[in-house]
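Engineer: For reference, the sequence and a predicted model appear below.
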There are 2 protein chains.
Amino acid sequence: MRDVSIIGVGVHPFGRHLTKSILDLGRVAVLAAIADAGVDPRSIGCAYVGNSLAGLLTGQEGIRGQVILHDSGIYDIPVINVENACASGSTAVRGAYLEVAAGTCDVALALGVEKMFVGDTKRTLAALAADSELTLSSSGMQFSAMYAIHPKYNLRGRMDEYGWTREDFAAVAVKNHRHGSLNPSAHRRRELTLEQVLAAPVVAEPLTAPMCSPISDGAAAAIVCATEVLPDAARPGAVTIRACELRSGHFFTSDDRDYKPLANFSSHVFETAGLGPHDLEVAEVHDAMAPVELLIYEQLGLCGPGEGPRLVAGGETLLGGARPVNPSGGLTARGHPVGATGLAQIAEIVWQLRGQAGARQVDPQPRVGLAHNQGGMLASGDSAAYMMTVLTR
Amino acid sequence: MRDVSIIGVGVHPFGRHLTKSILDLGRVAVLAAIADAGVDPRSIGCAYVGNSLAGLLTGQEGIRGQVILHDSGIYDIPVINVENACASGSTAVRGAYLEVAAGTCDVALALGVEKMFVGDTKRTLAALAADSELTLSSSGMQFSAMYAIHPKYNLRGRMDEYGWTREDFAAVAVKNHRHGSLNPSAHRRRELTLEQVLAAPVVAEPLTAPMCSPISDGAAAAIVCATEVLPDAARPGAVTIRACELRSGHFFTSDDRDYKPLANFSSHVFETAGLGPHDLEVAEVHDAMAPVELLIYEQLGLCGPGEGPRLVAGGETLLGGARPVNPSGGLTARGHPVGATGLAQIAEIVWQLRGQAGARQVDPQPRVGLAHNQGGMLASGDSAAYMMTVLTR
């Protein structure tokens, strides 16, 4: 397998874009990534397109990538449409990475795109949680309720077990909204105080609205290239993929509280990358609900069980701290257009490693970053897709 | 890239299975392929699942593969859901092939599955032709009309140009129904006479109903394995993948009648396989409408322009002829559950090369076979996905 670099990234800003189609969103990200990479679209040898909800939300069930790339000048190549719920965009990156690593082509495109805001929130939520085969409409839960009370997340239970408080949870939302306020591509760009987060409407106790990721539209794209064929001029902007790993599996099936699929998977990913959790200098993680970030810290090995709030309160994971997490604003503030999220995380890490993140730049400029993305729990009974990508400069 | 073999295949019989879910269909094919390969499900290192229409037809938009594999004993591995319209199943095979060739794992699963018959034909046809982004409802055409009159297929126009007759078209349906009558997994298993095909209801002139593939449910699966790790006992049943290639592109955009994307692509595929069209001893091709098979003959290089009817009339592509085409019955008679079709073609070629095709066995037992699968034209304005797989024993 050849070494692979990311040589260009681009996004369509996240937000509510009722008049824009999935094509409009996707094309902006693709053209931005191509421009960033400085490549001729005709040099792209393969494209992976990640999207999750277009069939149910906008009606384009089949061959979404070919439709989105229709007028992009990219054709006569393999186009593979991939889906892994909230991890669809990062799954697209893995596909592009694998093609280039295996040598089917030298340059590949990955796109993640989602059009979620269709003017009917109930329909969007129903599509998100659609499980028509296993448990039928997901025991009636939306994702917020799942994170609040389902045994494997059970934020309410953690309050008893760890002594975590609603203030601890709100502090994560405050941090990520602060980061989002510095990100021109974020959906939510307004800072909030702890009091504002706590006083906001409750979605599913203990989660208030600003702790839950919004319903967003958006897109993100990346161009990957075999490191061995990189022209010298492209090397300064290239970021190396050290690991780009996917795992799926039963998620809620074990009663064993020590069954931690994400923790096991993250050990595997760090081993693949030849790095450990303490080598990370920046991370984007899947804070679909802000407090879940606290659990992800421990699952990634950034702290011991229950110690997450200390990292937030001490400022370690805030911009300016030792290891900023979700400098983009995370899902909580940057937004969460399902199929685009994982790719936007990777774009953020690329910008951070290059020192191009503007007002939200991690300082000193990091050398090692992680993107952690997951999805599919409610739509699949108890299965899931985890994606982790480790990047270095 | 390592050499890769197919070591097991399985299908769920095609037909109308109103009481069976996409899970029921998929599991039968997966378990059959695993049993055929004689592997432990835990040795499977990766799974690709191809499906096209579940979001619109049965409501499972996200993470379909994880749902289908939920109780199969296959988990803690990468699961990638892929979609390429009528080429989704073969795209899944390409993914599994690439993983093993690249060395991410030694054994991989590919599944193609579709549940099309939901008791509402209009809804199924609408999902098939859904183009919500480019031309909006596909100029109102269904696939039958597209094949009949769209410039790039234009069966009606070929009647003028080549002198092809309705009898020539009906003869392909007669051949494929004869083959289907010998296939216990086929949707249509009744022989038809030329008179019966011609007298049947017209769907879109010159196509009568038996010339059009039916709306089918079904599934097919394959287990692929790195050839270098095959145990000696598995070698007799292993079939080598000589090429497994995907290409997408604009399909109807050029006015140049010589613009033949499939012909160009098939040259590339044969070059990759190190073989030519005349090395083929059996082929499964994408006869979504039976007469299209005549055009595919020329695009694959099996005959010159307009010569297709001669191959059928002379019996060359009939079982017992020099180079049988669609011994399974093809899409016309075996049926066409969109996401399963490409994988069922590959399963048929595997059985033929192994000499396990029963009453429809090509004799003498072939050494070289091709599966040709394509999809997406109506759902994408004018783009498409072509998949071709060359197998040898």
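Structural biologist: Looks like it arrived, so ask away. It should be emphasised that the depicted structure is a prediction, and the values quoted were computed from it without experimental measurement. Residues are numbered from 1 along each chain as shown, chains lettered A, B, ... in the order given.

Engineer: All the strands of the stretch 151-300 of chain A, residue numbers only.
Structural biologist: A:202-204, A:207-208, A:217-226, A:239-250, A:282-284 (DSSP state E, counting those that start in this stretch).

Engineer: who wins for proximity to chain B among the ones you listed?
Structural biologist: strand A:239-250 (3.9 Å; CB to the nearest CB). For glycine as for every other residue, the C-beta is placed from the backbone atoms N, C-alpha and C.

Engineer: Just give me how far the closest one sits from the chain centre.
Structural biologist: In this view, strand A:239-250 has its centroid 12 Å away from the chain centroid, taken as CA atoms, centre = their mean, to the nearest Å.

Engineer: Alpha carbons of it, as CSV, please.
Structural biologist: This file holds the C-alpha atoms of strand A:239-250, laid out as CSV (Å, rounded to 0.1, in the frame of the first residue of the first chain):
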residue,chain,number,x,y,z
VAL,A,239,-1.0,16.3,5.0
THR,A,240,-0.2,12.6,5.5
ILE,A,241,-2.9,10.1,6.2
ARG,A,242,-1.5,7.9,9.0
ALA,A,243,-4.6,5.9,9.6
CYS,A,244,-8.1,6.0,8.0
GLU,A,245,-10.1,3.2,9.6
LEU,A,246,-13.6,2.0,9.7
ARG,A,247,-15.3,-0.4,11.9
SER,A,248,-19.0,-1.4,12.3
GLY,A,249,-20.5,-3.6,14.9
HIS,A,250,-23.1,-4.3,17.5
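
Engineer: Spatially nearest residue to A:Tyr153 (excluding sequence neighbours)?
Structural biologist: In this structure, A:Tyr153 finds its nearest non-sequential neighbour in A:Tyr147, 4.7 Å apart by CB to CB, 6 or more residues apart in numbering or on different chains.

Engineer: Identify the residues contacting whichever residue of the stretch 51-200 of chain A sits closest to chain B.
Structural biologist: The nearest approach of the stretch 51-200 of chain A to chain B comes at A:Gly55, 3.0 Å away (CB to the nearest CB). Residues in contact with A:Gly55 (CB atoms under 8 Å, 6 or more residues apart in numbering or on different chains) are A:Glu61, B:Leu53, B:Gly55, B:Leu56, B:Glu61, B:Ala130.

Engineer: pretty sure the third one belongs to a helix, no?
Structural biologist: Meaning B:Gly55. Yes - applying DSSP: H, G, I helix; E, B strand; the rest coil, one finds B:Gly55 inside a helix.

Engineer: quick one: it from B:Val11, how far?
Structural biologist: Noted for B:Gly55: a distance of 23 Å to B:Val11, by CB to CB, to the nearest Å.

Engineer: likewise the first one?
Structural biologist: Look at A:Glu61 and B:Val11: by CB to CB, they are 24 Å apart.

Engineer: State the mean pLDDT of the strand or helix carrying A:Val390.
Structural biologist: Using DSSP states H and E, the element containing A:Val390 is strand A:383-392. When pLDDT is averaged along strand A:383-392, the result is 91.

Engineer: again, but for stretch A:322-333
Structural biologist: Mean predicted confidence for stretch A:322-333 is 98.

Engineer: For the contacts of A:Gly55, work out which two are farthest apart.
Structural biologist: Greatest spatial distance in those: B:Glu61 and B:Ala130, 13.2 Å, computed using CB to CB.

Engineer: List the buried residues of stretch A:187-197.
Structural biologist: By neighbour count on 16 or more other CB atoms under 10 Å in any protein chain shown, the buried set for stretch A:187-197 is A:His187, A:Arg188, A:Arg189, A:Leu192, A:Gln196, A:Val197.

Engineer: Hmm, A:Lys175 and the last one touching each other?
Structural biologist: No - using CB atoms under 8 Å, A:Val197 is not in contact with A:Lys175, being 10.4 Å away.

Engineer: Deepest-packed of the strands of the stretch 151-300 of chain A, please.
Structural biologist: Highest mean neighbour count of the strands of the stretch 151-300 of chain A: strand A:217-226, a mean of 31 (counted as mean count of other CB atoms under 10 Å in any protein chain shown).

Engineer: wait, does that one contact chain B?
Structural biologist: No - residues of strand A:217-226 contacting chain B under CB under 8 Å from any CB of the partner chain: none, with a closest distance of 13.0 Å.

Engineer: Centre of the chain to that strand, how far?
Structural biologist: 12 Å.

Engineer: so A:Gln374 bridges to which residues?
Structural biologist: Per DSSP bridges, the residues bridged to A:Gln374 are A:Tyr386.

Engineer: what's it in contact with, if anything?
Structural biologist: Contacts of A:Gln374 (CB under 8 Å, 6+ apart): A:Cys86, A:Ala87, A:Leu262, A:His286, A:Ala384, A:Ala385, A:Tyr386, A:Met387.

Engineer: Would you format those residues as a markdown table with neighbour count and distance to A:Ser72 included?
Structural biologist: Formatted as a markdown table, the contacts of A:Gln374 follow (neighbours: other CB atoms under 10 Å in any protein chain shown; distance: CB to CB, whole Å):
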| residue | neighbour count | distance to A:Ser72 |
| --- | --- | --- |
| A:Cys86 | 33 | 25 |
| A:Ala87 | 32 | 24 |
| A:Leu262 | 21 | 36 |
| A:His286 | 28 | 29 |
| A:Ala384 | 29 | 32 |
| A:Ala385 | 32 | 27 |
| A:Tyr386 | 27 | 30 |
| A:Met387 | 31 | 25 |
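
Engineer: isn't A:Ile346 right up against A:Ala371?
Structural biologist: Yes - A:Ile346 is within contact range of A:Ala371, at 4.9 Å (criterion: CB under 8 Å).
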